[in-house]
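Peer 1: Take this sequence and fold it.
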Amino acid sequence: MPDRIADIWGTRTPFARDELWPVRQDQKLADGVVEADVDRWVQSACTLCSNGCACDIAVKDGHMVGVRGRTMDTVNHGRLGPKGLFGSWQGMQGKGRLTKPLIRVDGELVETDWDTAMNAIVTRSKDLLARKGPLSHGIYTSGQLYLEEYYALAVIGKAGLGTPHMDGNTRLCTATAATAMKESFGSDGQPGSYEDIDSCDAIVLYGHNMAETQTVLWMRVLDRLAGPNPPLVVCVDPRETEVARLADVHLAIRPGTNLALMNGLIRELFENGWVDEDYTAAHTIGIDGLRKAVAPWTPEAVAETCGLDAADVRRAAEIIGTSERVLSTVLQGFYQATQATASAVQVNNLHLLRGMLGKPGCGILQMNGQPTAQNTRESGANGDFPAFRNWENPDHVQELAELWGVPAEKIPHASAPTHAMQIYRYAEQGSIEFLWISATNPAVSMPQSGRIRKILQQPGLFVVVQDIYMTETARLADVVLPAAGWGEKQGTFTNVNRTVHLADKAVEPPGEAKSDLDIFLDYARRMDFRRTDGAPLLDWTGPEDAYRAWQECTRGKLCDYTGITYERLRGGSGIPWPCNDEHPNGTVRLYGDGVFRTGMYEAETYGHDLLTGAAVPPEKYSGLRADGRAILKAAPYSPPSELPSDDYPLQYTTGRTVYQFHTRTRTNRAPQLRRAAPSAWVELSVPDAERFGISEGDIVRVSSPRGEIVVPARVGQVREGAVFAPFHYGYWEDGRSGPGDGRPTAANELTMTEWDPVSKQPIFKVAAVRVEKVADATGPSPAPTTTASRPAEPNDVPETVGGPEAEAEERLRLAAPPVAGGQGGK
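Peer 2: Model (predicted):
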C-alpha cells in the first residue's frame with residue numbers, strides 16, 4: 001500500500017461510464033502484526049466521515065490491531081480513507097480513555113461508581129420534573145451514535161420526559177440537507193446514490209470539498225476521471241481545493257453569495273430552453289414563481305455579486321443544462337452559509353427543471369457531515385418525529401402514541417421542536433436547568449465558543465456529558481459518564497445514500513465504560529418511565545430489541561427498515577432503505593416514478609418561507625394541492641448580515657482538513673494523522689498576505705467582534721479577501737476547556753450566533769475579521785501540503801508525508817492529561 005498520508009486517495013482503478021467500479025482492498029495493521037496473527041475479523045463500518053465505508057476490524061488478543069475495507073460492499077468496494085485506515089482503530093485506544101464515571105465534588109471532577117453517578121442524574125432529573133416540568137430538560141446528542149441508541153433517546157425524550165428540547169450536533173452540519181429535501185420533496189431522504197458517479201456525464205459540487213471530507217467517494221470520482229468518457233466537473237468553492245484543481249469550471253465564489261449564483265444558474269436554464277417542460281408540468285408546482293424570482297440574475301449580475309467571471313457562470317450553466325446525466329452534491333459551503341436552505345433548495349430545483357431524478361447518473365446528494373447523522377434525523381433524536389413523521393399532523397402523533405403506549409398529549413407537539421441554538425439560549429436564560437450531552441463537544445464545535453463555555457459553567461445548569469475521552473466539554477460537566485465506542489458495541493447506522501450497515505462488537509470497552517444504549521436504558525429504568533398499561537416504556541435488553549422496535553416504527557414509511565435484519569446485513573453489503581416486501585433488496589434511488597412525499601398525509605413538513613423561515617400553515621399547504629408533486633421554491637437574495645468593514649476588512653470561513661475529524665477526539669490519537677495536521681493554522685491569499693505584511697508561518701492574530709485566535713499563517717490558495725481556518729483545534733491536549741491563559745486556537749471563538757431561518761443551521765462560513773502579525777515565523781505553518789491547504793509557494797514548505805510509525809516518545813505526547821480535575825470546572 002502506498003503512503004496513504006502523502007497519497008491520500010491511493011492507486012487509480014479507472015473505469016468507464018456505466019461500468020462497475022473496480023474492487024481495491026485497503027488494509028492497515030499495527031506494526032509487527034501480519035494477517036496470520038489476526039485472531040478474527042469483525043464486521044463494521046467506518047465512522048470518521050459520512051461516507052459509511054464498510055470494513056472489518058482486525059482483533060488480536062482482545063485488542064483492535066487494524067482494519068481492512070470490505071470488497072463486496074456497494075459503498076466503498078474495499079477502499080478506506082486515511083482517517084479510516086489510521087484513526088478508526090487507533091483512535092479508540094489512545095491514552096486518556098474514560099473508564100469510570102466522574103462527579104463534581106467541591107468544584108473538582110472525581111471518580112465514582114455508576115450507582116452514585118446515575119443516582120445524581122436521576123435525583124436532579126426527578127426534582128426538576130416535579131418542580132418545573134419537562135421544559136426544564138434539554139438533550140443534545142451527536143452524529144456518532146448508533147441507530148438503536150438514537151431511537152432509545154428519542155423515546156425517552158418524547159414519551160418519557162415529554163420535552164421538545166432535543167437536538168443533535170447534526171444541526172451544525174446536516175440540518176440544511178434534511179430541510180432542503182423536506183421543502184422540495186416533502187420529506188427527508190436522499191434521492192440519489194453513490195452509484196450515480198458511475199453513470200453521470202457531469203458532476204457539480206456545491207460547497208463540497210469531497211476530496212477531503214469524503215475521500216473514498218472522491219476516489220470513485222477520480223477513477224471515473226481517469227477512465228474513458230470522464231464526466232465534466234463544476235466546483236463551487238472559494239478555495240482552490242483538489243476538486244477545484246481538476247474542475248472544468250471553478251467558481252471561486254465570494255462567501256455568503258451562494259443564492260445569487262443559484263438564481264443565475266436557474267435563469268440560464270429558462271433562458272436557453274434547457275427545461276424539461278413535460279416533466280415539470282406533470283411532477284412539479286411553482287414554476288412560474290421560480291421563473292419570475294430568478295429573472296434579474298443575468299450572468300453579469302451574478303458575476304458582480306459573487307466575484308466571478310460571467311463567462312464561467314454561463315459555462316457552468318451550460319454543463320448543467322445540456323449534459324445528458326448530471327449528479328449534484330452539496331455540503332457545508334452551502335449548509336453553513338447565509339441563506340443555506342434557500343441555496344440548497346435551488347440545487348433541487350435545477351434537477352427538477354431538467355427532470356433528472358431517479359435515473360442512473362441523475363441524482364442529488366444533499367450530503368451529511370457525520371457517519372450516523374442520517375439516523376439522528378430518522379430516529380427523532382434531533383427533535384424531528386421518528387420515521388419522517390410530521391409533528392403538525394395529529395395522525396402522525398397518534399401513531400407514535402400507539403407505538404409507545406403513551407397518551408398523545410405526552411408527546412410534545414404544540415410547537416416546533418427546539419433546535420440546538422435555541423436549547424443553548426434557554427440554558428443561558430435559565431429555563432433549561434438539566435442538559436444531557438452525548439458524544440459531542442460543543443465547547444469547541446458550537447459557534448461563538450466562548451459564550452458556550454460560559455453557558456455550560458453556569459451554576460444553575462446541571463450538565464451530564466457522556467463520551468469516550470475527557471473533552472473540553474466534559475471538563476465543564478457535573479457528571480461524566482464513560483461510554484463505549486466504535487468496535488466496542490453492536491448496532492447499525494445509515495450513511496448519506498441511505499445504506500444501512502451492521503457494526504458487530506469486536507472488543508470489550510475499557511474499564512467500566514458502557515454502551516450509550518445501556519446508559520440510556522439504565523436511565524429509563526431508574527426514572528421508572530412507563531406505558532399507560534403499566535409496562536416499562538423501554539423493555540429492551542439489547543441493541544437487536546431496539547432495532548426491531550425501530551423496524552416497526554418505520555413500517556410503511558419512506559425509510560422502511562422492515563426488510564433489513566441483522567442477519568441480512570451480516571456477511572454481505574449494506575442495504576439502502578426503503579427495504580420491504582415491495583423492495584426486498586432495498587432501493588438505490590428515490591422518486592424514479594416522479595411521485596414525491598408532498599401529500600397532506602405523507603408530508604414531513606408543510607414548508608416554510610425560504611427568506612423569513614415563517615411556517616406555512618396546514619390550511620395554506622393543503623391549498624397548494626401538491627398531491628405528490630415536488631415544490632419549486634424561490635427566494636430573493638439577501639447579503640450576509642456581517643460584511644467586511646474598515647475595522648474587520650476580511651471574510652472568515654471555517655472548514656475541515658482531510659487528516660482530522662471534528663474536534664480530533666479520535667483522529668489526533670492516531671500518530672500518522674497527528675503528524676500530518678498537528679495543530680491549528682489560518683489560510684490567507686497571497687495578495688492579502690502581502691497587504692498585511694505576513695509571510696508563511698508568521699504568528700497572526702485573527703479577530704472578530706466576538707473573539708480571537710492566535711495561530712501560524714499559511715499563505716495559500718484561498719480567494720483574495722477571504723480567510724480560512726480549520727475548526728478542529730481546541731484545547732484538550734493541555735487539559736483545558738478553553739484558552740484560559742494560553743493561546744486561543746479554536747476557530748469558533750470568532751464565529752457568529754446566527755442561523756439559517758429555515759434549517760436553523762448556524763452560519764459558520766461568513767464572518768468579518770481582521771488579521772495582524774504578532775510574531776515572526778520560526779518555520780512553516782503546520783498546515784498540510786497535500787490538499788486545499790497547500791502553500792502558494794510549495795518549494796518553501798516540506799511536504800506532508802506519513803513515513804514510518806511514530807516512535808514511543810511521540811505516542812506519549814498523544815496522551816490526554818489526567819481525567820480528574822483540570823482547568824475549566826464550575
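
Peer 1: Moving C-terminal from the top helix by length along the chain, which element do we reach first?
Peer 2: Ranked by residue count, the top helix of the chain under DSSP state H comes out as helix 114-132. With elements assigned by DSSP states H and E, the helix or strand that comes after helix 114-132 is strand 137-141.

Peer 1: for the record, mean pLDDT for that following strand?
Peer 2: If you average the pLDDT over strand 137-141, you get 98.

Peer 1: C-alpha coordinates for the longest helix of the chain, CSV please?
Peer 2: The C-alpha trace of helix 114-132 is given here as CSV (Å, rounded to 0.1, in the frame of the first residue of the first chain):
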residue,chain,number,x,y,z
TRP,A,114,-22.1,4.0,38.4
ASP,A,115,-24.8,4.0,41.1
THR,A,116,-23.6,7.2,42.6
ALA,A,117,-23.3,8.9,39.2
MET,A,118,-26.7,7.7,37.9
ASN,A,119,-28.4,8.5,41.2
ALA,A,120,-27.1,12.1,41.0
ILE,A,121,-28.6,12.3,37.5
VAL,A,122,-31.9,10.8,38.3
THR,A,123,-32.3,12.8,41.6
ARG,A,124,-31.8,16.1,39.7
SER,A,125,-34.0,15.0,36.8
LYS,A,126,-36.9,13.9,39.0
ASP,A,127,-36.7,17.0,41.1
LEU,A,128,-36.8,19.3,38.1
LEU,A,129,-39.7,17.4,36.5
ALA,A,130,-41.7,17.7,39.7
ARG,A,131,-41.0,21.3,40.3
LYS,A,132,-40.7,22.8,36.8
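
Peer 1: and that helix, what other elements does it pack with?
Peer 2: strand 102-105, strand 137-141, strand 434-438, strand 462-467, strand 479-482, helix 516-527 (3 or more CB pairs under 8 Å, 6 or more residues apart in numbering; DSSP states H and E). Using the backbone N, CA and C atoms, a C-beta is placed for each residue, glycine as well.

Peer 1: and stretch 669-688, how far apart are its ends?
Peer 2: 34 Å (CA to CA, to the nearest Å).

Peer 1: For it, which residues meet the burial criterion?
Peer 2: 669-685, 688 (16 or more other CB atoms under 10 Å).

Peer 1: Now do the end-to-end distance for stretch 402-412.
Peer 2: 15 Å.

Peer 1: quick revisit: now do the longest helix of the chain: distance to the chain's middle.
Peer 2: 31 Å (CA atoms, centre = their mean, to the nearest Å).

Peer 1: Now do the helices in the stretch 401-550 of the chain.
Peer 2: 420-429, 442-445, 449-456, 516-527, 543-554 (DSSP state H, counting those that start in this stretch).

Peer 1: Quick one: list the elements packing against the third one.
Peer 2: Here helix 449-456 touches helix 420-429, helix 442-445, going by 3+ CB pairs under 8 Å, 6+ apart.

Peer 1: So what touches that helix?
Peer 2: 424, 427-428, 435, 442-443, 446, 461, 463, 472-473, 476-477, 706-707, 737-738, 746, 748-749, 751, 753, 824 (CB atoms under 8 Å, 6 or more residues apart in numbering).

Peer 1: Pull out the buried residues from the residues you listed.
Peer 2: 424, 427-428, 435, 442-443, 446, 461, 463, 472-473, 476-477, 706-707, 737-738, 746, 748-749, 751, 824.
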